[in-house]
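**Q** One predicted model, sequence on top.
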Amino acid sequence: MRRLMLGLLTGAYLCLALIVSLFLWRMGATPAVGVSAFIGALGLCFAFHGLLGQTFLAAALRGDIDTVREAHAILLDQIEKVDARVSDLVESVAADAQRRTEELSTEVHQLEDLIGQMNDRLEHQLSHQVAAASARSHNLGRERAPQTSHMLQVVQDALAENRVDLYLQPIVSLPQRRTVFYESFSRLRDETGRVMMPAEYLAVAEPEGLMTAIDNLLLFRCVQIVRRLAKQDRKVGIFCNISLASLGDESFFPQFLEFMQANKDLAGAVIFELGQAAFDRRGPVEARHMARLASLGFSFSLDKVSDLDLDFQDLARADVRYLKVGAQMMLDQLEEQDGKLVIASLPDLNAADFAALTRRYGIEVIVEKVEAEKQIVDILDLDIGYGQGHLFGEPRAIRDAVLAEAEPPQDFIRGALRRRAVGW
């Protein structure tokens with residue numbers, strides 16, 4: 001359509017220019033003047049056409065710009081309305097959450113009151129049964145003796161027949177959750193294949209001096225697993241539990257130290273772990289043996305921490321490089337004082353500075369027994385670098401094929417048991 005209109009206008013311009021030239025020729029002008037008039041009239045027509053076209057184009061462009069501005073104003077208005085609605089929704093959700101939290105807190109307090117009342121009633125009832133229970137305690141003690149003897153025999157048989165499994169639980173870096181360590185656990189099996197938990201056999205194994213044999217076997221397998229992981233270019237460390245009895249056993253420790261001397265290249269990958277209560281009970285012999293292990297490059301970890309008011313200088317001198325604190329225990333210690341979050345047992349220290357304080361002494365904090373995501377939110381605010389718990393992975397038994405590679409020599413445990421038998 002535009003091309004047709006342009007063609008018609010061009011024809012009209014030609015006709016108009018021709019009329020002008022013919023008019024001048026009739027008026028007596030020469031042919032040259034008529035041609036010049038024709039060309040000049042045609043040029044004026046096209047110039048006038050161009051000016052009108054530019055005027056119409058500018059008007060159309062201004063109309064488009066005005067339309068875009070109106071659309072932009074409408075879009076901004078809609079965005080402001082949506083933002084207001086989102087803000088109202090967020091406030092509504094926050095208010096509802098606060099209301100539900102208050103209702104839940106009220107219900108918890110009511111439940112605590114009911115539990116307290118029930119506890120008072122139970123204590124009142126139990127107080128009348130104490131005398132009868134005391135009378136029966138002597139007979140129960142006679143019944144426990146055969147049970148203890150049986151459990152001792154089960155533990156000895158499990159060690160002698162190498163029915164000891166190795167379990168590993170991952171320790172991850174935070175917040176990446178990348179596995180950087182494992183903690184090792186030993187589990188004994190009875191003759192039926194049932195797995196016995198430590199609570200079952202430690203009560204008889206520790207008094208009878210069998211913990212050295214268990215520690216010896218656990219250590220041997222940890223060393224073999226670390227070497228297997230190193231072959232796969234997996235640079236991870238293993239926390240290996242060691243009992244205070246093993247550290248204080250003058251007959252056992254020389255062999256233990258000799259084995260570690262032969263494997264001192266793994267000093268950065270094997271970390272010995274003992275509980276806070278055991279660490280506090282250590283005597284001169286245990287401290288000296290820990291120092292000898294440290295002289296080979298090995299370090300220590302403290303777990304089962306129940307008091308955060310620690311002597312960090314003493315820990316550093318003992319080459320303790322890791323501190324394991326229960327997640328819930330750590331969160332229960334947090335309280336607000338004067339507008340800042342502090343640890344109850346360290347009220348002069350900001351909670352967020354606790355991990356930085358331990359790092360000044362070369363000690364990294366590992367929060368253990370992490371069971372829920374909501375615990376992680378508060379733990380990350382404390383700048384703690386490592387986590388352990390069922391949330392990141394449960395302890396899993398090493399496969400039989402891998403465990404077979406980590407089996408000690410056949411006389412390894414029997415030798416330990418024979419030495420213990422001589423001590424008996």
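**A** Okay, I see it.
**Q** From now on I want contacts and neighbour counts done on CA atoms only, so please keep to that.
**A** OK.
**Q** The stretch 251-400 of the chain: strands as residue ranges?
**A** 270-275, 299-303, 320-326, 334-337, 340-343, 346-350, 364-368, 386-388, 396-397 (DSSP state E, counting those that start in this stretch).
**Q** For those strands, could you give me a markdown table that also reports mean neighbour count, mean pLDDT and distance to residue 186?
**A** Formatted as a markdown table, the strands of the stretch 251-400 of the chain follow (neighbours: other C-alpha atoms under 10 Å; pLDDT from 0 to 100; distance: least, C-alpha to C-alpha, whole Å):
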| stretch | mean neighbour count | mean pLDDT | distance to residue 186 |
| --- | --- | --- | --- |
| strand 270-275 | 22 | 93 | 13 |
| strand 299-303 | 24 | 95 | 16 |
| strand 320-326 | 23 | 95 | 19 |
| strand 334-337 | 14 | 88 | 33 |
| strand 340-343 | 18 | 89 | 34 |
| strand 346-350 | 14 | 88 | 35 |
| strand 364-368 | 23 | 96 | 18 |
| strand 386-388 | 28 | 95 | 17 |
| strand 396-397 | 14 | 87 | 9 |
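**Q** Could you point out which of those sits nearest residue 162?
**A** Closest to residue 162 of the strands of the stretch 251-400 of the chain is strand 396-397 (C-alpha to C-alpha; 15.1 Å).
**Q** next one: the closest one to chain centre, how far?
**A** The chain centre lies 20 Å from the centre of strand 396-397; the measure is C-alpha atoms, centre = their mean, to the nearest Å.
**Q** now do stretch 191-199
**A** 31 Å.
**Q** send the alpha carbons of it over as CSV?
**A** Only the C-alpha atoms of stretch 191-199 are listed here, as CSV (Å, rounded to 0.1, in the frame of the first residue of the first chain):
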residue,chain,number,x,y,z
GLU,A,191,28.6,-66.7,69.1
THR,A,192,25.1,-66.2,67.6
GLY,A,193,26.3,-63.2,65.5
ARG,A,194,24.4,-60.7,67.6
VAL,A,195,26.1,-57.3,67.7
MET,A,196,26.9,-56.1,71.2
MET,A,197,26.9,-52.4,72.0
PRO,A,198,29.7,-50.9,74.1
ALA,A,199,27.3,-50.4,77.0
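**Q** quick one: contacts of it?
**A** Residues from elsewhere that reach stretch 191-199 (C-alpha atoms under 8 Å, 6 or more residues apart in numbering): 154, 158, 187, 188, 189, 190.
**Q** again, only this time at 6 Å
**A** With contact meaning C-alpha atoms under 6 Å, 6 or more residues apart in numbering, stretch 191-199 is reached by 188, 189.
**Q** Repeat that for stretch 230-247.
**A** By C-alpha under 6 Å, 6+ apart, stretch 230-247 touches 180-184, 212, 215, 269-274, 286.
**Q** Now that stretch: buried residues?
**A** For stretch 230-247, the neighbour count (16 or more other C-alpha atoms under 10 Å) marks 236, 237, 238, 239, 240, 241, 242, 243, 244, 245, 246, 247 as buried.
**Q** Quick one: end-to-end distance for it.
**A** Using C-alpha to C-alpha, to the nearest Å, one end of stretch 230-247 lies 27 Å from the other.
**Q** and it, how far from the chain's centre?
**A** Distance, centroid of stretch 230-247 to centroid of chain: 21 Å (C-alpha atoms, centre = their mean).
**Q** try stretch 327-344
**A** 20 Å.
**Q** same deal with stretch 285-293?
**A** 33 Å.
**Q** which residues make contact with whichever strand or helix holds residue 169 from outside it?
**A** If you go by DSSP states H and E, residue 169 is part of strand 164-173. Residues from elsewhere that reach strand 164-173 (C-alpha under 6 Å, 6+ apart): 178-188, 385-388, 394-398.
**Q** Swap in 8 Å and give it another go.
**A** 158, 178-189, 218, 221, 385-389, 392-398, 403.
**Q** Packing partners of the next helix or strand after that strand?
**A** Note on strand 164-173: by DSSP H and E, the next helix or strand toward the C-terminus is strand 179-189. Here strand 179-189 touches helix 130-160, strand 164-173, strand 195-196, helix 211-231, strand 237-241, going by 3 or more C-alpha pairs under 8 Å, 6 or more residues apart in numbering; DSSP states H and E.
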